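1. Quick check, what structure comes out for this input:
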Amino acid sequence: MPDSLFWQAEARFDWATYVRDHGGVRALRANPDEYLLPCPDCNKLKIAVNVVKRAWQCFSCSEAGRDAASLVAKVERIPFGQSLIKVLEGHRQAIGRVDKIADDVVDSAPARKPWREMSWPDGFRLLSHTMTRETRPTAWGGYQPPLTIHREEAVALAYCDQRQIPPYVITEMRLGVCVGGVMRERLIFPAFDSGGRLIFYQGRATWKPRPQELRHIKVLSPRSQEGFAGPADCLLNLSYVADRLALFNRRCLLVEGPVDCAHAWPDAVASFGKKISPQQIELLIRAGVQGLDLCWDSDATAEMMRASPMLADLFDLRIVTLPRGRDPGDLSKEQIEACRADAVHVGSGDRLARLP
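-> Residues are numbered from 1 along each chain as shown. The predicted model follows:
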């Protein structure tokens, strides 16, 4: 896979020297390549860094990264855009572009603290637990719900059957349903951070518009609160992809919605809409993603074209075109992979290379 100039510059970053210069000490009774750094947020030696694997994790803040820029941002408490500049300064041809990358990709707002962990919605039930209480598979490999479960669980399983979301995807994505509360009868798609904490979820209606409804709300998210993540602050399924990125050749598929992600699983992440935010780009870099296949819905061509120049500076970017009128949620994994095979390569830092 062609590497973007950002990842070329990152590969030249001397992790060992940087860690030692910033107070790193060797971890006792551990791998000699591992160091401990003081966390600027909790003032404890909680940041574990492996200078060979080029990865770090703070066991106090539940933050992690697989690139030098995220480590610099954490240790020096600077915005991610500024840490990108520090890494890219090693590439002479990139100097004329780094300020624009900082402005376009990651804003210059003060470095934020980790998002607070959310509580599961009222009445939440994991569908994987529901499926263990039943034994009758349908023809496609799903499940026929028994009479001993809540009606909402049966409705959610029937919805997954209708949308052809396989049981193993339900289990791995930790999908669930609410049997009470505001999210009652909605299929819940949870998003986790690098430490496995729940930071966001989205509830999708499992019913079609009803006559008594004044307005059918297809998708419902928790109310925005200070300190909690929103849809623009996370990527669905990224925690799963990040742990297995080497198996996917450090490439993932970026889709629009949760159902799209379930159909394109396991190497897909969802942006919760036809746009990608600076925070989501930062998360992709932190996870170590180097190749990105952009595959929003077929009616989002203009949005993909607007996002592609920015993304091509940081990733080996390809645009995946779907059949007209079809979305990833309408296709099988095999059909999605066939479309990816015909993806159009946009660039991998090509514009940086052409700078004088």
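2. give me the number of residues near residue 171?
-> Per other C-beta atoms under 10 Å, the neighbour tally for residue 171 reads 15. Every C-beta, even on glycine, is put in place using the N, C-alpha and C of the backbone.
3. average pLDDT for the one helix or strand it maps to?
-> Using DSSP states H and E, residue 171 sits in helix 167-172. For helix 167-172, mean pLDDT rounds to 93.
4. Make 57 the first number, not 1, from now on.
-> Yes, from this point I'll number from 57; that puts the last item at helix 223-228.
5. Just the buried positions in it, please.
-> Going by neighbour count (16 or more other C-beta atoms under 10 Å), the buried part of helix 223-228 is 223, 225-226.
6. show me where the stretch 207-356 of the chain has strands.
-> Here the stretch 207-356 of the chain has its strands, by DSSP state E, counting those that start in this stretch, at 232-234, 242-248, 254-261, 275-276, 307-311, 324-326, 347-350.
7. any chance of these in TSV, plus mean pLDDT, mean neighbour count and distance to residue 288?
-> Below are the strands of the stretch 207-356 of the chain laid out as TSV (pLDDT from 0 to 100; neighbours: other C-beta atoms under 10 Å; distance: least, C-beta to C-beta, whole Å):
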stretch	mean pLDDT	mean neighbour count	distance to residue 288
strand 232-234	95	27	23
strand 242-248	96	24	11
strand 254-261	96	21	10
strand 275-276	94	16	14
strand 307-311	96	26	14
strand 324-326	97	27	12
strand 347-350	95	24	17
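8. Between the ones you listed, which one is closest to residue 141.
-> Nearest to residue 141 among these is strand 347-350; the distance by C-beta to C-beta comes to 21.3 Å.
9. Within its sheet, name the partner strands of that closest one and how each one runs.
-> In the sheet, strand 347-350 lines up against strand 307-311 (parallel), strand 372-375 (parallel) (DSSP bridges).
10. Redo these as TSV? Include distance to residue 319.
-> Listed next are those as TSV, based on distance: least, C-beta to C-beta, whole Å:
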stretch	distance to residue 319
strand 307-311	8
strand 372-375	19
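11. how about the ones you listed, which one is nearest residue 74?
-> That would be strand 372-375 among those, by C-beta to C-beta, at 25.3 Å.
12. does residue 215 really touch residue 264, like I thought?
-> No - at 10.4 Å, residue 215 and residue 264 do not qualify as touching, with contact defined as C-beta atoms under 8 Å.
13. Who has more neighbours out of these two?
-> It is residue 215, of residue 215 and residue 264, that has more neighbours when counted by other C-beta under 10 Å, with 19 against 8.
14. Distance check, the nearest residue to residue 284 once chain neighbours are set aside against residue 118.
-> Once flanking residues are discounted, residue 284 sits nearest to residue 172: 5.4 Å by C-beta to C-beta, 6 or more residues apart in numbering. Separation of residue 172 from residue 118 (C-beta to C-beta, to the nearest Å): 11 Å.
15. about what we covered before: just how off-centre is the helix holding residue 227 within its chain?
-> Counting by C-alpha atoms, centre = their mean, to the nearest Å, helix 223-228 is centred 18 Å from the centre of its parent chain.
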